[in-house]
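In: With the sequence up front, the predicted model follows.
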Amino acid sequence: MGRCIYGGIYEPDSALADERGFRRDVLETMRALRTPILRYPGGCFSDEYHWRDGVGPREGRPHYEEQFWTRLLNGVNRQDLAAIVGPPESNAFGTDEFLTLCAELGSQPYLNVNHGTGTPEEAAEWLAYCNRRPESPAQVKVVGVGNEVFGFWETGHCGGEEYGRHFLEFAEALRGVDPDVKLLATGAPRAYGSFTSDLLRTAGKAIDYVSVHAFHPPFPGIRPLRDDEADYWSVVAGPEAMIRNVDDVIADIERELGPDSPVRVAFDEWNLWNSWEDCVATNYDLRAGLMFAGTFNRIHERVPRLEIAMIAQLVNMLGLIQTEGDRLFESAGYLVSRLYAEETLPLSVKCQVEGETFDAPLWADIPERLQPTMGDDLTGLPYVDVSVTASDDRKRLAVFVVNRHLDQPVTINLAFDGLQPPASARLRQMAADSPFARNDFDNPQRLRIVDLDVPSLDRLELPPHSVSALLLS
């Protein structure tokens, strides 16, 4: 989709690329994210993707002028974007390139197999190609069957019970190749009725993960994001809006399979997505960084049931990393993701925040035709949003704090219940004069993570619209 692969990660004919075709600066920037798992090909594209198109000599791979995104955007009368967001598919980047990228990044490959136009046999042969060849660059341990099958827009769309029967056929074929592979089924929030419950009743015993997707606002493409106060509050409240979708699926799992079920959740697409133009390029500002941090905090709160989470996407379109020609910059979303990747510790620790709260509309100024399906507004949200992680011995803590105040600093006081009070502290923080501050190609360091001294933990002051990691030991 867009320039995520071609013109982003992979430019084999460019002087910027290494001998394998990967753009060197993008690869280095991706590596710093410490990405543990990477999904491919992902999204609606996957339900029309036939893996054999992307293997063998590149000159012999088929070329398609149109693909899913081309047709979709033509269907919504966005011909101006159709050729950009749905570029011609050369298949120059395929399975071996993906597995090589995962090996280079130390990421676990997650294959999204074609449920829409593919077959269980095709999926099993793809897994065998990855896992049974001695020369395979990486082994696949997670396979998802289809993408957003609940949605009318998806190739292969059907109800939960029918999809469950299909899933059982795919599971039998895939586990015949590798009995240890973890299998992921597409789930859906309550807005789509009983889809997840019907799926679980039909195929629950064969499922390892149930997938859930959520973007903010709930309907991508509503309008461009504005740099105003109303959109500020809508964005920073986004984590609570998106996590409702995860909680719906968790509740379905525990109701249908029981609270002790080993089935986990994969929150394998989430992001801020306002307009179709974001699919060409996106520049996440500090305000969006607060939304990213808040989403990581919500994820921390839901482990171990929530085990996999994935930002969609990585480069350019909706991407953490932005490129243009030979230039690159890291967005606020990238910086927050890197901060959490570097500082999150193995254990999630329960924490309680006492302080002021605010209310926010689910999304400000939305079209009237969408209002009945948007969901309730968000109420009682803490201005100071926190999650805490700890080392296995609980002697080190990472306290992630988001000050969501638009223009007020906050002073926090920490209390430790059952944990050893720290002897030392350091602070890593991203802040700016404006919540709408952003990096760009000409100013790639306007936003950055800075290291600060902590003179006292008795009264720690944090600036408005800021993200901080307080590291205690």
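Out: In hand now; what should we look at? Numbers count the residues shown, from 1 in each chain.
In: contacts and neighbour counts: CA atoms only from here.
Out: Noted.
In: so residue 292 touches residue 333, yeah?
Out: Yes - counting by Cα atoms under 8 Å, residue 292 touches residue 333, with 6.2 Å between them.
In: what does the longest helix seen in the chain contact?
Out: Ranked by residue count under DSSP state H, the longest helix found in the chain is helix 238-257. Here helix 238-257 makes contact (Cα atoms under 8 Å, 6 or more residues apart in numbering) with 187-190, 196-197, 200-201, 204, 210, 212-218, 259-261, 263, 265, 267, 270, 291-292, 294-295, 298, 305, 362, 378.
In: Same question for stretch 70-82.
Out: 69, 83, 85-87, 276-277.
In: swap the cut-off to 7 Å and go again
Out: By Cα atoms under 7 Å, 6 or more residues apart in numbering, the residues outside stretch 70-82 that reach it are 69, 83, 85-86.
In: and what of stretch 443-451?
Out: 329-330, 332, 335, 427-430, 438-439.
In: how long is it from one end to the other?
Out: The straight-line separation of the ends of stretch 443-451 (Cα to Cα, to the nearest Å) is 20 Å.
In: list the buried ones in it?
Out: Within stretch 443-451, the residues scored as buried using 16 or more other Cα atoms under 10 Å are 447-449.
In: possible to save these as TSV with pLDDT?
Out: As requested, the buried residues of stretch 443-451 are exported to TSV (pLDDT from 0 to 100):
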residue	pLDDT
447	98
448	98
449	98
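In: hmm, back to that, how big is the angle separating whichever helix or strand comes after the longest helix of the chain from helix 238-257?
Out: Next along the chain after helix 238-257, taking DSSP states H and E as the criterion, comes strand 264-272. Angle of strand 264-272 versus helix 238-257, following axes from the mean of the first three to the mean of the last three Cα atoms, to 10 degrees, is 160 degrees.
In: what's the helix or strand following strand 264-272 in contact with?
Out: Heading C-terminal from strand 264-272, the first helix or strand you meet, by DSSP H and E, is helix 286-301. Helix 286-301 has contacts (Cα under 7 Å, 6+ apart) with 232, 235-236, 238-239, 243, 306, 332-333, 336, 348, 385-387, 402, 435-438, 465-467.
In: what about helix 286-301, average pLDDT?
Out: The average pLDDT for helix 286-301 rounds to 98.
In: Let me know the next secondary structure element after that helix.
Out: Next element after helix 286-301 (DSSP H and E): strand 306-311.
In: circling back: out of the contacts of helix 286-301, which sit inside strands?
Out: Taking DSSP state E as the definition of strands, these contribute 306, 348, 385-387, 402, 466-467.
In: Next one: the spatially most central residue of the chain from residue 33, what distance?
Out: Most central in the chain under Cα atoms, centre = their mean is residue 311, positioned 1.6 Å from the mean C-alpha point. For residue 311, the distance to residue 33 (Cα to Cα) stands at 12 Å.
In: And the average pLDDT for stretch 337-344 is what?
Out: In this model, stretch 337-344 has an average pLDDT of 98.
In: ok so, going back, what residues of the longest helix of the chain count as buried?
Out: Neighbour-count burial for helix 238-257 flags 238-243, 245-253, 256-257 (criterion: 16+ other Cα under 10 Å).
In: quick check: mean pLDDT across that helix?
Out: In this model, helix 238-257 carries a mean pLDDT of 97.
In: and if you look at stretch 174-188?
Out: Here stretch 174-188 scores 98 as its mean pLDDT.
In: So residue 187 versus residue 360, what's the distance?
Out: 27 Å.
In: between the two, who's got more neighbours?
Out: Under the criterion of other Cα atoms under 10 Å, the comparison of residue 187 against residue 360 puts residue 187 first, with 31 against 20.
In: Do I have it right that that one meets residue 198?
Out: No - applying Cα atoms under 7 Å as the test, residue 187 and residue 198 come out as separate, 9.9 Å apart.
In: ok, residue 435 to residue 361 distance?
Out: 19 Å.
In: ok, back up a step: now the buried members of the contacts of helix 238-257.
Out: 187-190, 196-197, 200, 204, 210, 212-218, 263, 265, 267, 270, 291-292, 294-295, 298, 305, 362, 378.
In: can you list the domain ranges for this protein.
Out: 24-347, 357-472 (automatic domain parsing).
In: which stretch in the ones you listed is the model least sure about?
Out: Looking at the domains of the chain, the bottom one is domain 357-472 with a mean of 92.
In: and the end-to-end length of stretch 189-197?
Out: 10 Å.
In: Can you name the residues in contact with it?
Out: The list of residues contacting stretch 189-197 from outside it, by Cα under 7 Å, 6+ apart, reads 150, 159-160, 187-188, 245, 248-249, 252, 256.
In: nearest to residue 473, of these?
Out: Of all the contacts of stretch 189-197, residue 473 sits closest to residue 245, with 35.2 Å by Cα to Cα.
In: so who does the nearest residue to residue 22 once chain neighbours are set aside touch?
Out: In space, and not counting its chain neighbours, residue 22 is closest to residue 10: 4.7 Å by Cα to Cα, 6 or more residues apart in numbering. Residue 10 makes contact with 21-23 under the criterion Cα under 7 Å, 6+ apart.
In: just the residues you listed now: which is nearest residue 37?
Out: Nearest to residue 37 among these is residue 22, at 18.2 Å by Cα to Cα.
In: quick one, what contacts the closest one?
Out: 9-12.
In: May I see these organised as CSV, with pLDDT, distance to residue 65 and secondary structure added?
Out: CSV is the format used below for the contacts of residue 22 (pLDDT from 0 to 100; distance: Cα to Cα, whole Å; DSSP: H, G, I helix; E, B strand; the rest coil):
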residue, pLDDT, distance to residue 65, secondary structure
9, 97, 21, coil
10, 97, 19, strand
11, 95, 19, coil
12, 94, 20, coil
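In: related to what we said a few turns ago, show me which pair in the ones in strands among the contacts of helix 286-301 is furthest apart.
Out: Pairwise distances across the ones in strands among the contacts of helix 286-301 peak at 25.9 Å for 306 and 466 (criterion: Cα to Cα).
In: So which of those two has more stuff around it?
Out: More neighbours surround residue 466 than the other of residue 306 and residue 466, with 25 against 22 (other Cα under 10 Å).
In: Quick check: the more buried one touching residue 401?
Out: No - counting by Cα under 7 Å, residue 466 stays clear of residue 401, with 8.2 Å between them.
In: Any figure for the gap between residue 399 and residue 51?
Out: In terms of Cα to Cα, residue 399 sits 43 Å off from residue 51.
In: just to confirm, which helix or strand has the closest residue to residue 34 other than its chain neighbours in it?
Out: Excluding its sequence neighbours, the residue lying closest to residue 34 (Cα to Cα, 6+ apart) is residue 341, at 6.5 Å. Assigned by DSSP H and E, residue 341 falls within helix 332-343.
In: now that helix against strand 264-272, angle please.
Out: Interaxial angle, helix 332-343 versus strand 264-272 (the same axes, to 10 degrees): 140 degrees.
In: How about the host helix or strand of residue 426, which residues are buried there?
Out: Counting by DSSP H and E, the element that carries residue 426 is strand 425-430. Residues of strand 425-430 classed as buried: 425, 427-430 (neighbour count, 16+ other Cα under 10 Å).
In: what helices or strands is it leaning on?
Out: strand 450-452, strand 466-472 (3 or more Cα pairs under 7 Å, 6 or more residues apart in numbering; DSSP states H and E).
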